[in-house]
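Visitor: Fold the following and give me the result.
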Amino acid sequence: MPRIDRKTFERWQRGEIKLANLFGVDAKQIAALFLTGYNMFSEGRLDEAKGIFEGITTLDDKNVYAFSILGAIYQRQENYSVALARYNQALSLFPEDINSLTNRGEVYLKLGKFEEAAADLKKAIELDPAKQHPSANRARLLVALVTDALKTAKEKGVEAVLQSAKQAAKK
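Guide: Numbers count the residues shown, from 1 in each chain. Sure thing, here's the model as predicted:
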């Protein structure tokens, strides 16, 4: 562990440098950690990936993508309150992060917070007028599915929507 002088420590306390700088961790090392964590995430090794990304966000509390992936990890683990917190952190750093907006919108849907979900999904869609971003296209699909469910509920009743959802879950 590198020796930390008082002046460097005080710069960190004032928020002038990141914890990574304090410990001598450079951008290449963070990138290597990120790639390792992302590969684990892609392989479904969520707890291992979570540990790496939590470490990255500790070292670099401005890493939007690490917060966003942490949100996705917690979302997959159905820990929605922590997923929302991580997406909120990502969006506080970069409000136009389409991935975080779409994922947070999906979490809000699962929690029955429809106004919040609509706002996030709408913004994700608006940020992709060319219809090329995969997450914005997923937001479009989620909006279409919810709209269809509401239409079905209005025409045939809520029970029809629930029955349709049960049938879809069996497939």
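
Visitor: in the lengthiest helix in the chain, what's buried?
Guide: Across the chain, the helix with the greatest residue count (assigned by DSSP state H) is helix 134-156. Counting neighbours by 16 or more other CB atoms under 10 Å, one finds that the buried residues in helix 134-156 are 135, 136, 137, 138, 139, 140, 142, 143, 149. Every C-beta, even on glycine, is put in place using the N, C-alpha and C of the backbone.

Visitor: Could I get the contacting residues of the fourth one?
Guide: Think residue 138. Applying CB atoms under 8 Å, 6 or more residues apart in numbering, we find residue 138 in contact with residue 102.

Visitor: Identify the residue nearest residue 101 in space, chain neighbours excluded?
Guide: residue 124 (4.0 Å; CB to CB, 6 or more residues apart in numbering).

Visitor: how about the buried residues of helix 134-156 in TSV, adding distance to residue 6 and pLDDT?
Guide: What follows is the buried residues of helix 134-156, written out as TSV (distance: CB to CB, whole Å; pLDDT from 0 to 100):
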residue	distance to residue 6	pLDDT
135	45	97
136	48	97
137	52	97
138	49	96
139	49	97
140	54	97
142	52	94
143	54	93
149	60	80
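
Visitor: Format those as TSV; extra columns: distance to residue 118.
Guide: Below are the buried residues of helix 134-156 laid out as TSV (distance: CB to CB, whole Å):
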residue	distance to residue 118
135	16
136	15
137	17
138	15
139	10
140	13
142	10
143	8
149	13
